[in-house]
Each structure stands twice: as structure tokens, then as C-alpha cells.
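Trainee: Just need the structure, nothing else, for what follows:
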Amino acid sequence: MFRTLPLLAALLGATPALAQAASGHVASAPADTARPFTVERVGRGRPMILIPGLASSGEVWRGTVAHFRDRYQLHVLTLAGFGGAPPLPGDRYLEAERDAVIRYIREQKLDHPVLVGHSLGGFLALWIAASAPELVGPVVSVDGVPYLPVLGDSTTTPERMRPQAEQVRALYASLAPDQMAMQSAMALRAMMKDSANREMGVRWSRASDPATVGRAVSEMLTTDLRGQVAAIRSPLLLVASGDGQAPEERGRTLAAYEAQVARVPRHRVVMAENARHFVMLDDPAFLFSTMDAFLATP
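Mentor: Numbers count the residues shown, from 1 in each chain. Model prediction:
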């Protein structure tokens, strides 16, 4: 099997030292201010919804907005509990976010918007497109797949992941924001090349609600969309990150990503060979040119 993605290692929980440092901190969700996400609208043209990943702000799409704003009406989301947005109470966080985006498309009367998501946001984009295929246009998932754990262990299942997922959920719920920021600082070294971008990522993490992060990770580890994505009618572009991988390893990675979306009727899998997990920050020129070509295809 190819090398386990740094993202997978980061999702599996805080370090033992952080676990020992966690001393019963429990984040609370102010129900009176909670919304599924905040939205910033920029530009004119065809609608495009941008969904950031775990503990990220919509600011992660800043360069993407600059590239597309002259041709697209961009709806830049920050999910509840991430990057300073108030957390969302209740169970089934990812389902709530999925359903809220679908409602938003209907309420705003968006005509088959392009869905673009990074990491957890890519997972959500795939789930939205599979759940409401009649509503969405092309889908771009940036290093986000239907079921992440099988990239590290091809035999695993949601049921097998459940005990670990519950441990991760409980551990994150016990962390203070500074403790989670410390964990993120270590993980982001493997996910981003540029130190300034890593500092920005740590800032988003510190502003995120640890309990929400734990809920999201737990649900990703126990939700397998590989069968559901067969319902996607729109074309799909899946972008894998490949920086630091040898040629033969890149081939295995591409094959594993291809297997994740094999049931999507119209799909394309490409690799950003010079980017780590945050492709839009590490190699924006590659991502934008690839997206331009994909979106121009009838």
C-alpha cells in the first residue's frame, strides 16, 4: 500500500502529550448564534460554491476567489465551528452541513452551481452531489475522497473505525483551542509547504471549536460514500496531492483515488505533483489551469 496520507494521520487524533494535557475542557455551543455556515459572496456570473476543509476558514479560497471572480458568482463558506464561526449544536454534524448547503442552493435559486471543496469540504461536495444530483453542476474535490480511511488500510470499514472514531471525538472535545492549535501546527508541516500559510492554518485552528472538529473527524471516519457517489450526474474532477512521492508511489496513489470514484459516471482524477494537501495554496497555478480546462469541457 502507498504511504498513508499526512491528512489521515492528522485526523486520527491529538498526540498522547496533548491527551495528557487536556484537563476536562468542554466547548459549549451558543445555540442562539449557531448557523450551519457563514457565506461571503464575491463576483458575477455562474454560481460556484467553495467549501473549506477541517478547521479551515473560507479564507483558504482567497487565491481561488481572485482567479474566478470575473467569471463566477462565488459563495465562499465557512462551516459552523471552524475558523471562528460559531459551533452548531446537535448530532450528525456533517449531515446537517450537507442538508444546509442543499437548502441554500434551493433557497437562493442557484442554477446548477459548481461545487468546489477541499478535504472535508470535498467529501461534503461529493455527498451533496450524490444526495441532490439534480441541483448541482460540475464538482471539484481537492484532495477529498468518499472514504478516507481506506487510503491507509484498504480493508477497513466504518464499523471497524467506530471505536477509534469515538476516541477521537471524546479527545478533541476535551481540548482547549490552544491545545488543538498546537496539534494543528505539527500536522500542517506535512500538509503545506509555505510557513506563512501554515501560520494562517494554525490561526484558523485556534479559532475553531475543538468539539466540532472531533465530531467532524469521527463522522468522516465512519461514513463511506463510495457506493453513494454512483448517483452523481455531473462531471467530477478529483485532485490528488503528490508532492514528495516517487513516480511509482504516485501511480499507486492515483489508482487508489481512481478506485474511490470509479462509480461516478463522468470523472477525472489528476495529481498535483508539486503540492501537498492544500493544493490551492501550494500550487495554485496547477489547480486553476486544471479547473479552467475541466469547467470549459461541455
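
Trainee: helix, strand or coil for residue 216?
Mentor: Under DSSP: H, G, I helix; E, B strand; the rest coil, the three-state class of residue 216 is helix.

Trainee: And the residue found closest to it once you drop the neighbours it is linked to in the chain, how far from residue 99?
Mentor: Spatially, and ignoring its direct neighbours in sequence, residue 216 is nearest to residue 93 (5.6 Å; Cβ to Cβ, 6 or more residues apart in numbering). Any C-beta I mention is one placed from the backbone N, CA and C, and that applies to glycine too. Look at residue 93 and residue 99: by Cβ to Cβ, to the nearest Å, they are 11 Å apart.

Trainee: Neighbour count for those two, which is higher?
Mentor: residue 93 (25 against 16; other Cβ atoms under 10 Å).

Trainee: any idea where the helices of this structure begin and end?
Mentor: 6-11, 16-21, 62-68, 93-107, 120-131, 158-173, 177-188, 195-206, 210-221, 247-260, 279-282, 284-296 (DSSP state H).

Trainee: Quick one: closest of the ones you listed to residue 75.
Mentor: Minimum separation from residue 75 across the helices of the chain (Cβ to Cβ) falls at helix 93-107, 7.8 Å.

Trainee: For residue 212, the count of nearby residues, please.
Mentor: Neighbourhood size, residue 212 [other Cβ under 10 Å]: 25.

Trainee: For it, which non-adjacent residue is closest in space?
Mentor: residue 81 (2.8 Å).

Trainee: ok, now residue 90?
Mentor: In space, residue 90 is closest to residue 96, 6.6 Å off (Cβ to Cβ, 6+ apart).

Trainee: Surely that neighbour and residue 36 touch.
Mentor: Yes. Between residue 96 and residue 36 there is a contact under Cβ atoms under 8 Å: 6.1 Å.

Trainee: which one of these two has more residues nearby?
Mentor: Neighbours per residue, other Cβ under 10 Å: of residue 96 and residue 36, the larger number sits with residue 36, 20 against 16.

Trainee: Now do that one, the pLDDT please.
Mentor: For residue 36, the model assigns a pLDDT of 96.

Trainee: And it, how far from residue 80?
Mentor: For residue 36, the distance to residue 80 - Cβ to Cβ - is 5 Å.

Trainee: again, but for residue 164
Mentor: Distance from residue 164 to residue 80, by Cβ to Cβ: 24 Å.

Trainee: Ok, residue 40 next?
Mentor: 15 Å.

Trainee: same thing with residue 268?
Mentor: Going from residue 268 to residue 80 by Cβ to Cβ gives 31 Å.

Trainee: Between the two, tell me which one has more neighbours.
Mentor: residue 80 (24 against 16).

Trainee: For residue 134, which residues are in contact?
Mentor: Applying Cβ atoms under 8 Å, 6 or more residues apart in numbering, we find residue 134 in contact with residue 233.

Trainee: Sketch out the low-pLDDT regions of the stretch 1-150 of the chain for me.
Mentor: 1-33 (pLDDT under 70).

Trainee: ok, back up a step: from memory the residue nearest to residue 212 sits against residue 214, does it?
Mentor: No. Contact criterion Cβ under 8 Å: residue 81 and residue 214 do not qualify, at 10.0 Å.

Trainee: which residues do the two both contact?
Mentor: In contact with both residue 81 and residue 214: no residue, using Cβ under 8 Å, 6+ apart.

Trainee: May I ask you to name the longest strand in the chain?
Mentor: Secondary structure of the chain per DSSP state E: the longest strand is strand 72-79.

Trainee: Parallel or antiparallel, which strands does it pair with?
Mentor: strand 37-42 (antiparallel), strand 46-51 (parallel) (DSSP bridges).

Trainee: now the angle between helix 93-107 and it, please.
Mentor: Per axes from the mean of the first three to the mean of the last three Cα atoms, to 10 degrees, the angle that strand 72-79 makes with helix 93-107 is 150 degrees.

Trainee: Strand 72-79 vs helix 210-221, what angle?
Mentor: Regarding strand 72-79 and helix 210-221, their directions subtend 110 degrees when assessed with the same axes, to 10 degrees.

Trainee: what does strand 72-79 contact?
Mentor: Contact partners of strand 72-79, identified using Cβ under 8 Å, 6+ apart, comprise 36-52, 57-58, 61, 64-65, 68, 84-85, 97, 101, 104, 108, 110, 113-114, 121.
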